[in-house]
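**Q** Structural data only, the sequence is not supplied:
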Ligand code: BTN
């Protein structure tokens, strides 16, 4: 970990979040391999109090499905990358990452759409990604289980090289916003959303997810090759897809969904 170069509202974050997460540690790194990887290492080592870890640059950012996460073009502040670790004991974990995506979208802008399970999109391009991991109780001292919620938001335009579709960036939606400002908008609603999820799960959130659902009504292709039409998201966060064989409920994180029709959001 190296020292940060930007000015981060660490005291404001600590004051706002500590009443919700007693004992919270807030840290900002200039450069790190991955905020999720670092918190997972701490969890495995048995030293993970509630922690908000922010990085100005990640050298080995991780995305879903074993992919990498490329954020920024090497310039601090071009993207927001952080992970929040907290003890969580929901009755049912299904839909957690959807609840996180919804909280981040609602905290940022009404026009942001959600592409199942938890990508944030704007005008046909990906704006932000979420990687939720869990650590076992033995590692997360005192807690049944610990969630590590990693969020990456593009703040400034990225170098489009290497992307099938160049990503969206938040400043196009919120002119003047910077990475610290985006974090301030997201952090408190995120913790509230995680605590609400712990109490009541995803079902009460499904109607709000539906208002931002990018895939609903769209032809989609599943990674096993089957195709169908997305029918929206069920109360447990499963994507419902009408296929030739009937309605399938897609739950696995190992399924990727792509709009199939030319001209559909991709
Ligand atoms: C995805 O869209 O595939 C998920 C991307 C998640 C990226 C964030 S950035 C902060 C945290 N640290 C990581 O290594 N990944 C997550």
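**A** Arrived safely. Quantities reported herein were computed from a predicted structural model and do not represent experimental measurements.

**Q** Quick check: phi and psi at residue 227.
**A** phi -130, psi 160 (degrees, to the nearest 10).

**Q** From the ligand, how far out is the closest residue in space to it that isn't next to it in sequence?
**A** Counting by CB to CB, 6 or more residues apart in numbering, residue 227 lies nearest to residue 221, which is 5.0 Å off, once chain neighbours are set aside. C-beta coordinates here come from the backbone N, C-alpha and C atoms, glycine included. Note on residue 221: its distance to the ligand, by CB to the nearest ligand atom, to the nearest Å, is 18 Å.

**Q** Run a quick neighbour tally on residue 221.
**A** Per other CB atoms under 10 Å, the neighbour tally for residue 221 reads 16.

**Q** Over to residue 158?
**A** 19.

**Q** in the stretch 51-200 of the chain, what spans have low per-residue confidence?
**A** 71-76, 137-143, 160-162 (pLDDT under 70).

**Q** follow-up on the earlier one: now the residue nearest to residue 227, which residues is it bridged with?
**A** residue 227, residue 258 (DSSP bridges).

**Q** Now do the same for it: its pLDDT.
**A** Residue 221 is assigned a predicted lDDT (pLDDT) of 89.

**Q** can I assume it is in contact with residue 241?
**A** No - with contact defined as CB atoms under 8 Å, residue 221 does not count as touching residue 241 (9.7 Å).

**Q** distance of the residue nearest to residue 227 from residue 136?
**A** Separation of residue 221 from residue 136 (CB to CB, to the nearest Å) stands at 35 Å.

**Q** okay, and the common contacts of residue 221 and residue 241?
**A** Shared contacts of residue 221 and residue 241 (CB atoms under 8 Å, 6 or more residues apart in numbering): residue 257.

**Q** so who does residue 234 touch?
**A** 206, 240, 249.

**Q** Kindly recompute the last result at 6 Å.
**A** Taking CB atoms under 6 Å, 6 or more residues apart in numbering, we find residue 234 in contact with residue 240.

**Q** Name the residue of the stretch 51-200 of the chain that lies nearest to the ligand.
**A** residue 129 (2.2 Å; CB to the nearest ligand atom).

**Q** Checking the nearest residue to that residue once chain neighbours are set aside next. Helix, strand or coil?
**A** In space, residue 129 comes closest to residue 152 once its chain neighbours are excluded; the distance is 5.1 Å by CB to CB, 6+ apart. The three-state label given to residue 152 by DSSP: H, G, I helix; E, B strand; the rest coil is strand.

**Q** thinking again about what came up before, which other helices and strands contact the helix or strand harbouring the residue of the stretch 51-200 of the chain closest to the ligand?
**A** For residue 129, the host element (DSSP states H and E) is strand 125-136. Strand 125-136 is packed against helix 96-108, strand 119-122, strand 145-154, with contacts defined by 3 or more CB pairs under 6 Å, 6 or more residues apart in numbering; DSSP states H and E.

**Q** Can you list the buried residues in it?
**A** Burial within strand 125-136, assessed by neighbour count using 16 or more other CB atoms under 10 Å, is assigned to 125-135.

**Q** count of neighbours near residue 230?
**A** 23.

**Q** same question but for residue 30, I mixed them up
**A** 14.

**Q** Contacts for the host helix or strand of it, please.
**A** Assigned by DSSP H and E, residue 30 belongs to strand 25-32. Contact with strand 25-32 is made by 1-5, 8, 10, 13-14, 38, 49, 51-57, as judged by CB under 6 Å, 6+ apart.

**Q** Equivalent analysis for stretch 114-126, please.
**A** By CB under 6 Å, 6+ apart, stretch 114-126 touches 97-98, 101, 105, 112-113, 127-130, 165, 167-168, 212, 214-215, 239, 265.

**Q** Just the terminal-to-terminal distance for stretch 227-245.
**A** 10 Å (CA to CA, to the nearest Å).
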